[in-house]
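# only geometry, no sequence info:
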Ligand SMILES: [Mg+2]
């Protein structure tokens, strides 16, 4: 089953996407997501200039061999650009295999372990009143677990708060990348954040009771010592998880946090290979794997990582923001339904225009997601609609401290 065509599409509905479309000699089409927020063109060129010609003539059936070939033959392994490109090929080949077998991908992976994947919604507020309204709104949509982000006195512009400006008109917390040729500057104050956030979780628990699963994203801003103190200060509010409380580039950072606190830890959205996470799993330093199929090399390696995590009772919590296209998201959902050690799935709705380009069989009912039962990934890609939305430069924001020092965003 030879691949005869490999095409890359770059377009901007409410945000930029990079999509790989493969076609076989029998006319079977497979699609993959290669979107790397703020660096989209790098992956598009990696695919167009270095990968597509290697795919034409290859057997579409050999997913594992193709993955290993693209990973090992380039010599320069890993990195977000390389791994997003490999991810797109991997997804497209699983899509093709599913269509040929006339089965949804989760069946090829071993079948369903659950009826649906419980998703969490995103609530935020500039004060307690607007935060409580936002939590109620998300619960009305059906979500039964909620991520809580809040404005902090002393910080002007802060990750995760929906009410902030966004140039494309999307909710800021759904798409913080702004269109334009320069990243927006935001500000940061670790002490103010660490003082304020526990008071907000206390208020949320008082208002909504002890049962509602609550999550929070620290977005990599704290030092390991600050992170440990912060995780400890949130213990009374019994979080479902605390995400990216400190950087994972040095995996030892998480050991320090782990030794000080029982708050569950989630990390991995910027990881792109098994080497970024293997020590965290083997040393049981985390509770949830936040990697995304799109940035981690696809379904093939993420399935293996979750198998590595299973004996330690470490669960999934795959990254699902709007910069994971509906194709990448579907790839995650098929894994969610299949793996035994499922934890939670992040979910944000894509814009109307995006969902016209990507026609998906996915459903969201009563807080649970399902990828549908169409053969393959269940996403039909419409390049003729995508081409109506040309690429627009966009950058994620960056942070400076009060003295002007650049800080982690
Ligand atoms: Mg995050």
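Everything's here; your move. Given the structure is predicted, the values throughout are model-derived calculations rather than measurements.
# moving C-terminal of the longest helix along the chain, what's the next helix or strand?
Scanning the chain for the longest helix, with DSSP state H as the assignment, gives helix 80-101. Scanning forward in sequence from helix 80-101, with DSSP states H and E defining helices and strands, the next element found is helix 105-108.
# so residue 324 is in which element?
With elements taken from DSSP H and E, nothing contains residue 324; it lies in neither a helix nor a strand.
# Give me the distance between it and the ion.
Separation of residue 324 from the ion (C-beta to the ion, to the nearest Å): 12 Å. C-betas here are computed from N, CA, C, even on glycine.
# Could you do residue 327 as well?
In this view, residue 327 and the ion are 20 Å apart by C-beta to the ion.
# Surely that residue forms part of a helix?
Yes: secondary structure of residue 327, determined by DSSP: H, G, I helix; E, B strand; the rest coil: located in a helix.
# just the helices in the stretch 201-350 of the chain please.
With DSSP state H, counting those that start in this stretch, the ranges of helices along the stretch 201-350 of the chain come out as 224-233, 252-260, 274-282, 299-309, 326-338.
# Check what contacts stretch 244-264 and list those residues.
Stretch 244-264 has contacts (C-beta atoms under 8 Å, 6 or more residues apart in numbering) with 217-220, 222-232, 234-235, 239-242, 265-271, 276-277, 279-280, 283-288, 290, 408.
# mind redoing it with 6 Å?
Stretch 244-264 has contacts (C-beta atoms under 6 Å, 6 or more residues apart in numbering) with 217-220, 222, 224, 227-228, 231-232, 234-235, 239, 241-242, 267, 279-280, 285, 287.
# same thing with stretch 376-387?
Contacts with stretch 376-387, where a contact means C-beta under 6 Å, 6+ apart, come from 9, 11, 19, 31, 95, 98-99, 105, 326-327, 330, 356-361, 371-372.
# now these: which count as buried?
Among those, the ones that count as buried by 16 or more other C-beta atoms under 10 Å are 9, 11, 19, 31, 95, 98-99, 105, 326-327, 330, 357-358, 360-361, 371-372.
# can you pull the contacts of whichever residue of the stretch 301-409 of the chain sits closest to the ion?
Using C-beta to the ion, the point where the stretch 301-409 of the chain gets nearest to the ion is residue 319, with a distance of 6.7 Å. For residue 319, the contact set (C-beta under 6 Å, 6+ apart) comprises 269, 290, 292.
# so which residue of the stretch 151-300 of the chain comes closest to the ion?
For the stretch 151-300 of the chain and the ion, the shortest gap (C-beta to the ion) falls at residue 217, measuring 4.3 Å.
# What count of nearby residues applies to the closest residue to that residue other than its chain neighbours?
Sequence neighbours aside, residue 243 is the residue nearest to residue 217 in space, at 4.3 Å (criterion: C-beta to C-beta, 6 or more residues apart in numbering). Using other C-beta atoms under 10 Å, residue 243 has 24 other residues around it.
# Give me the pLDDT for residue 243.
We have a pLDDT of 98 for residue 243.
# What of residue 166?
Among the per-residue scores, residue 166 shows a pLDDT of 82.
# start the count at 27, not 1, going forward
Noted, 27 is the first residue going forward, which turns the last one into residue 192.
# how about it, what does it touch?
For residue 192, the residues meeting the contact criterion (C-beta under 6 Å, 6+ apart) are residue 198.
# for the ion, what are the nearby residues on the stretch 127-276 of the chain?
Taking C-beta under 5 Å from the ion, the part of the stretch 127-276 of the chain that reaches the ion is made up of residue 243.
# if we go to 6 Å?
Applying the criterion C-beta under 6 Å from the ion, the portion of the stretch 127-276 of the chain that neighbours the ion consists of 243, 269-270.
# picking up where we left off before, the residue nearest to residue 243 contacts residue 294, doesn't it?
No: counting by C-beta atoms under 6 Å, residue 294 is not a contact partner of residue 269; they are 9.1 Å apart.
# what's around residue 258, how many residues?
Applying other C-beta under 10 Å, we find 15 other residues in the vicinity of residue 258.
# separation between the residue lying closest to it once chain neighbours are set aside and residue 146?
Here the nearest residue to residue 258 in space, its sequence neighbours aside, is residue 287; by C-beta to C-beta, 6+ apart that works out to 4.5 Å. Here the distance between residue 287 and residue 146 works out to 21 Å (C-beta to C-beta, to the nearest Å).
# Which residue of the two possesses the greater neighbour count?
residue 146 (23 against 20).
# how far is the helix or strand harbouring that one from where the chain is centred?
Here residue 146 sits within strand 143-151, counting by DSSP H and E. In terms of C-alpha atoms, centre = their mean, to the nearest Å, the centre of strand 143-151 is set 13 Å apart from its chain centre.
# next one: stretch 159-166
Averaging C-alpha positions (C-alpha atoms, centre = their mean) puts stretch 159-166 22 Å from its chain's average.
# Need the three-state assignment for the residue of the stretch 27-176 of the chain found nearest the ion.
Nearest to the ion in the stretch 27-176 of the chain, going by C-beta to the ion, is residue 173, at a distance of 8.8 Å. Following three-state DSSP, residue 173 is assigned to strand.
# thinking it is in contact with residue 147, fair?
No: contact status for residue 173 versus residue 147: not in contact, 7.0 Å apart, counting by C-beta under 6 Å.
# how much space is there between residue 377 and residue 78?
Using C-beta to C-beta, we find residue 377 at a distance of 28 Å from residue 78.
# Tell me the neighbouring strands of the helix-or-strand element of the chain with minimal mean pLDDT, and mark each as parallel or antiparallel.
When each helix and strand of the chain is scored by mean pLDDT, DSSP states H and E, strand 204-205 comes last, with a mean of 90. With DSSP bridges as the test, strand 204-205 is paired with strand 420-421 (antiparallel).
# and the partner strand, how far from the chain's centre?
Taking mean C-alpha positions (C-alpha atoms, centre = their mean), strand 420-421 and its chain are 18 Å apart.
# Repeat that for stretch 399-409.
Going by C-alpha atoms, centre = their mean, the spacing between the C-alpha centre of stretch 399-409 and its chain's C-alpha centre is 20 Å.
# Any buried residues in it, and which?
400-407.
# Around the residue nearest to residue 139 when sequence neighbours are not counted, how many other residues sit close by?
In space, residue 139 comes closest to residue 366 once its chain neighbours are excluded; the distance is 5.2 Å by C-beta to C-beta, 6+ apart. Look at residue 366: counted by other C-beta under 10 Å, it has 12 neighbours.
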